[in-house]
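Asks: Here is my input; please provide its structure:
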Amino acid sequence: MDSAGLAQLLSPEGWALLSALPPYDPDRAMALSERLRKDGFDADLVAAALTQSRLRAKAHDKLGEFADGMLFTPAGLEQATRLVVAARHARRYRAAGVRKVADITCGLGADAITLAGVGLPVLAVDADETTAALATVNLRHFPEAEVRHGDGLRVDFAAEGIDGIYADPARRSGSGARRHDPAAYSPPLDDVLALRARVPALGMKLGPGVPHAALPPEAEAQWVSVAGDVVELGLWFGPLAANGPGRSALLLTADGDAVQLRDTGARAEAGAVGDYLYEPDGAVIRAGLVAEVAAEVRGRLLDPTIAYVTADPLHPTPFATPYRVLDRMPFGLKRLKAYLRERGVGVVTIKKRGTAVVPEQLRRQLDLRGDAEATLVLTRVAGQQQVLVVEPVG
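Replies: Residues are numbered from 1 along each chain as shown. Next up, the predicted model:
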């Protein structure tokens, strides 16, 4: 959204139009656009309002009802923190005794909203002028929050009374391509980390794919998943690192219920396929805590390099999804095709790890026929390509 489009939406006519739109329906959007233009609304204003209506509908998955009063850009919504996660960020700052937070890359303001929501004064800064303007709109109901357009790295934290910093560096280029090198973030990761010399209570949100070797050893590094979807890596320093340095996985439900698994230094050996297979949550895998899951279920790895755990008795755990192992065989298209045909399997769920097989391509090659369903796990067992036929437990 450019400044002209924002000005149109913030005009009395634009805001009234946006507020009066029905819930977004992609099948009716074109007809609604035509009707509004026939009613005399400017075509650019109609397009801007419908775009916001679409983005608000999409934002509900992350921000719930807060989305209905906010303005978005596609890129800003992509990076915005889910409300259930942002709320935990805010409680971390409050529990650490922080009195005022600088959100130096505030984006559209999702984290600043939750910080202000727990009563913390927030200085929200963004380097992009339009984004800062949108954040100003989105934070209008929170007198604890002040929004500025500028370089968050240049804030005079001491003069502002800031004793806590939060950063969510942009990880996409202007064209939308994902940046994998932390030095290419905006601002660069090292520049943000350097702020610890000025304000020790530093927290930051990164993409979950950052390699462990790139993380400062003094950080509390926490990978977070929501309803099984890995959403972020949080780095916490100083008083914000409540659990001390180390790696952990935090699993949240959509309602905010949480369980946490910490690095205990567990080691896991590989062994034979047991009666049950466990698929660890993605946050557990990213955090490198598969061995902790194996210890919890009294199991072993299928292969030293594969993030599947197997065990003989069933030991339920919130950190992995269990499957009952029904059958196993070496991987071979002809054999697998015959196996499924004999059992009348017409629908398969294909899971893979440690194999180059493309599930959709394999599904076509299997020429499935029948009414039965099956779940196939394609992986390595003791270095050999195997197919495990499994069913979900419970």
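
Asks: In contact with residue 104, which residues are there?
Replies: 125, 152, 153, 155, 165, 166, 167, 187, 192, 195 (Cβ atoms under 8 Å, 6 or more residues apart in numbering). Glycine gets a C-beta too; all of them are placed from N, C-alpha and C.

Asks: shouldn't the fourth one be in contact with residue 146?
Replies: Think residue 155. No: under the criterion of Cβ atoms under 8 Å, residue 155 makes no contact with residue 146, lying 11.3 Å away.

Asks: which residues do the two both contact?
Replies: residue 123.

Asks: If you count surrounding residues, which of these two has more?
Replies: residue 155 (20 against 16; other Cβ atoms under 10 Å).

Asks: For the nearest residue to that one once chain neighbours are set aside, list the residues it contacts.
Replies: Ranked by Cβ to Cβ, 6 or more residues apart in numbering and with sequence neighbours excluded, the top spatial neighbour of residue 155 is residue 102, at 5.6 Å. Residue 102 sits next to 122, 123, 125, 152, 155, 157, 160, 162, 164, 165, 166, 199 when contact means Cβ under 8 Å, 6+ apart.

Asks: Look up how far residue 85 lies from the spatially closest residue to the fourth one that is not a sequence neighbour.
Replies: Counting by Cβ to Cβ, 6+ apart, the nearest residue to residue 152 once its immediate chain neighbours are dropped is residue 104, at 2.6 Å. Distance, residue 104 to residue 85, by Cβ to Cβ, to the nearest Å: 18 Å.

Asks: Check residue 211 too.
Replies: 22 Å.

Asks: Tell me, how many residues neighbour residue 3?
Replies: 10.

Asks: Check the gap between it and residue 105 for me.
Replies: Where residue 105 is concerned, residue 3 sits at a distance of 20 Å (Cβ to Cβ).

Asks: cool, residue 168 as well?
Replies: 5 Å.

Asks: Helices along the protein, start to end?
Replies: Remark: helices assigned in the chain by DSSP state H are 3-10, 12-20, 29-38, 43-63, 74-79, 83-95, 110-117, 129-138, 157-160, 189-193, 282-286, 290-296, 333-342, 359-366.

Asks: Would you mind writing the CA trace of the third one as CSV?
Replies: Spelled out, that is helix 29-38. Provided in CSV are the C-alpha atoms of helix 29-38 (Å, rounded to 0.1, in the frame of the first residue of the first chain):
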residue,chain,number,x,y,z
ALA,A,29,-15.5,-9.8,-4.4
MET,A,30,-15.6,-8.9,-8.1
ALA,A,31,-19.4,-8.4,-8.0
LEU,A,32,-19.1,-6.3,-4.9
SER,A,33,-16.4,-4.2,-6.5
GLU,A,34,-18.5,-3.5,-9.5
ARG,A,35,-21.5,-2.6,-7.4
LEU,A,36,-19.5,-0.1,-5.2
ARG,A,37,-18.1,1.6,-8.3
LYS,A,38,-21.6,1.9,-9.8
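
Asks: Residues touching it, excluding its own?
Replies: For helix 29-38, contacts defined as Cβ under 8 Å, 6+ apart pick out 17, 21, 22, 43, 46, 47, 49, 50, 54.

Asks: Quickly note the distance from the fifth one to residue 74.
Replies: Residue 46 sits at a distance of 18 Å from residue 74 (criterion: Cβ to Cβ).

Asks: what about residue 231, how many neighbours?
Replies: 21.

Asks: Contacts only, for it.
Replies: 82, 85, 208, 224, 225.

Asks: and the last one, what are its bridge partners?
Replies: What that stands for is residue 225. residue 230, residue 251 (DSSP bridges).

Asks: is it true that residue 84 touches residue 256?
Replies: Yes: between residue 84 and residue 256 there is a contact at 4.7 Å, judged by Cβ under 8 Å.

Asks: Show the contacting residues for residue 199.
Replies: 102, 157, 162, 163, 164, 165.

Asks: now the third one, nearest residue through space, not along the chain?
Replies: Ranked by Cβ to Cβ, 6+ apart and with sequence neighbours excluded, the top spatial neighbour of residue 162 is residue 102, at 4.5 Å.

Asks: And for residue 212?
Replies: The nearest residue in space to residue 212 (Cβ to Cβ, 6+ apart) is residue 288, at 6.4 Å.

Asks: same thing with residue 375?
Replies: Looking at residue 375 with Cβ to Cβ, 6+ apart, the closest residue is residue 349, at 4.5 Å.

Asks: What's the local residue count around the one you found?
Replies: Residues near residue 349, counting by other Cβ under 10 Å: 13.

Asks: Quick check, it in contact with residue 378.
Replies: No: under the criterion of Cβ under 8 Å, residue 349 is not in contact with residue 378, lying 11.3 Å apart.

Asks: quick one on the thing from earlier: measure the residue nearest to residue 155 to residue 192 for me?
Replies: Applying Cβ to Cβ to residue 102 and residue 192 gives a distance of 12 Å.

Asks: Give the full set of residues in contact with residue 49.
Replies: 9, 14, 17, 18, 21, 36.
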